[in-house]
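**Q** below is the sequence, then the predicted model.
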Amino acid sequence: MGYRVAVVGATGAVGREMLQTLAERNFPVTELIPVASPKSVGKTISFRGNEYVIVSMEEAIQLKPAVAIFSAGGSTSLEWAPKFAEAGIPVIDNSSAWRMDPTKKLVVPEINADALTKEDLIIANPNCSTIQMVVALNPLHKRYGIKRIVVSTYQSVTGTGVKAVEQLHGERRKQVAGESVDYPMAYKYPIDLNVIPQIDVFLENGYTKEEMKMVKETCKILRDDSIRVTATTVRIPVMGGHSESVNVEFETDFDLNEVRSILSEVSGVVVVDDPANQQYPMPMDAHERDEVFVGRIRRDESQPNTLNCWIVSDNLRKGAATNAIQIAEYMMGAGLIA
């Protein structure tokens with residue numbers, strides 16, 4: 001059995017990754033419905049060797065896809081996801097628009113896809129940094145009970161989008177090769193040979209919106225509001241994936257060998273933890289991979305029941321496209337899309 005699948009925002013960085021992931025995972029697409037901004041309507045996009053004409057939102061709804069995967073920004077989702085839902089078309093949305101809506105499910109399939117029903121017509125895909133962290137921590141939460149998480153992220157420019165990638169490449173060519181090039185500025189400051197301790201806008205509490213996403217989304221996905229989370233999110237001149245330094249305090253003590261064993265048995269998690277041979281996760285190794293990589297696993301010797309680890313994943317894959325496609329796969333298997 002195959003499905004008509006709409007990809008909204010098909011020409012963007014994440015949208016293109018969605019198409020690649022659909023193809024790689026052999027999702028049964030009988031007809032692709034690519035949707036993009038009015039300036040792209042009428043152009044074509046390639047998928048599995050075939051060319052598909054980009055259509056408007058209205059046309060996509062009329063074509064009645066079995067599922068629509070949105071990656072076109074929050075304002076677009078707020079306007080159009082309800083219209084798809086009203087037509088009976090399930091929407092998997094990659095923006096932040098619906099994540100903290102109490103009436104919407106925030107889904108990481110390995111953790112809480114079991115909560116989905118046929119009534120869930122708008123499903124939120126979590127923030128990229130949150131996804132990779134909870135995939136790794138969820139099995140440990142089940143075993144030891146998480147009290148508190150302190151996380152610092154080191155995030156790829158691909159999380160900002162194509163403009164940021166062009167800025168990084170332009171700065172690199174100018175500084176290293178001495179070329180005279182024009183390039184867009186996605187950030188207020190240079191990103192090459194620099195780090196920027198701001199992702200998204202600042203809020204009244206002094207945290208950024210990205211940091212508060214991690215705080216709130218973690219509790220919602222793990223279905224435990226008692227977990228305390230604090231985050232610092234940083235943009236670095238890297239492509240390929242986000243990295244996270246995670247300090248987690250548990251309710252009970254743990255055994256490091258058991259921690260490694262638990263993580264090794266989790267589907268979608270790869271343990272790379274061999275300090276003696278300088279083996280640990282890095283973004284260059286996570287690039288275009290679907291797994292979450294965990295290493296630098298060690299006890300925090302400054303307080304009881306506390307673990308340090310390093311978590312890396314491709315933010316465009318498991319952090320966005322792969323997670324969204326996995327949600328669609330779950331819905332297909334559970335008979336939630338037809």
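**A** Ah, there it is.
**Q** okay, buried residues for stretch 25-40 please.
**A** Residues of stretch 25-40 classed as buried under the neighbour-count rule (16 or more other CB atoms under 10 Å) are 27, 29, 32, 33, 34, 35, 36, 40. (Glycine included, C-beta is placed from N, CA and C.)
**Q** I'd like the residues you listed as a markdown table, with secondary structure, distance to residue 101 and pLDDT appended.
**A** Conversion of the buried residues of stretch 25-40 to a markdown table gives the following (DSSP: H, G, I helix; E, B strand; the rest coil; distance: CB to CB, whole Å; pLDDT from 0 to 100):
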| residue | secondary structure | distance to residue 101 | pLDDT |
| --- | --- | --- | --- |
| 27 | coil | 26 | 97 |
| 29 | strand | 28 | 97 |
| 32 | strand | 28 | 98 |
| 33 | strand | 25 | 98 |
| 34 | strand | 27 | 98 |
| 35 | strand | 22 | 98 |
| 36 | coil | 25 | 95 |
| 40 | coil | 29 | 95 |
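**Q** out of the residues you listed, the closest to residue 136 would be?
**A** Lowest distance from residue 136 to those (CB to CB) belongs to residue 27, with 25.1 Å.
**Q** residues touching that closest one, list them.
**A** 3, 5, 325, 328, 329 (CB atoms under 8 Å, 6 or more residues apart in numbering).
**Q** which of the helices or strands spans the residue nearest to residue 265 when sequence neighbours are not counted?
**A** Excluding the flanking residues, the one nearest residue 265 by CB to CB, 6 or more residues apart in numbering is residue 139, at 7.9 Å. Assigned by DSSP states H and E, residue 139 falls within helix 128-144.
**Q** partner strands of the helix or strand following that helix, with direction?
**A** For helix 128-144, the following helix or strand on the C-terminal side (DSSP H and E) is strand 146-155. Partner strands and pairing direction for strand 146-155 (DSSP bridges) are strand 228-235 (parallel), strand 242-250 (antiparallel).
**Q** CA atoms only: put strand 146-155 into PDB for me.
**A** The C-alpha coordinates for strand 146-155 follow below in PDB (Å, rounded to 0.1, in the frame of the first residue of the first chain):
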ATOM      1  CA  ILE A 146      15.900  12.000  36.500                       C
ATOM      2  CA  LYS A 147      15.800  14.900  39.000                       C
ATOM      3  CA  ARG A 148      17.700  17.600  37.100                       C
ATOM      4  CA  ILE A 149      19.400  18.200  33.800                       C
ATOM      5  CA  VAL A 150      22.100  20.800  33.000                       C
ATOM      6  CA  VAL A 151      22.700  21.000  29.300                       C
ATOM      7  CA  SER A 152      25.000  23.200  27.100                       C
ATOM      8  CA  THR A 153      24.600  22.800  23.400                       C
ATOM      9  CA  TYR A 154      27.100  23.400  20.500                       C
ATOM     10  CA  GLN A 155      24.900  23.800  17.500                       C
END
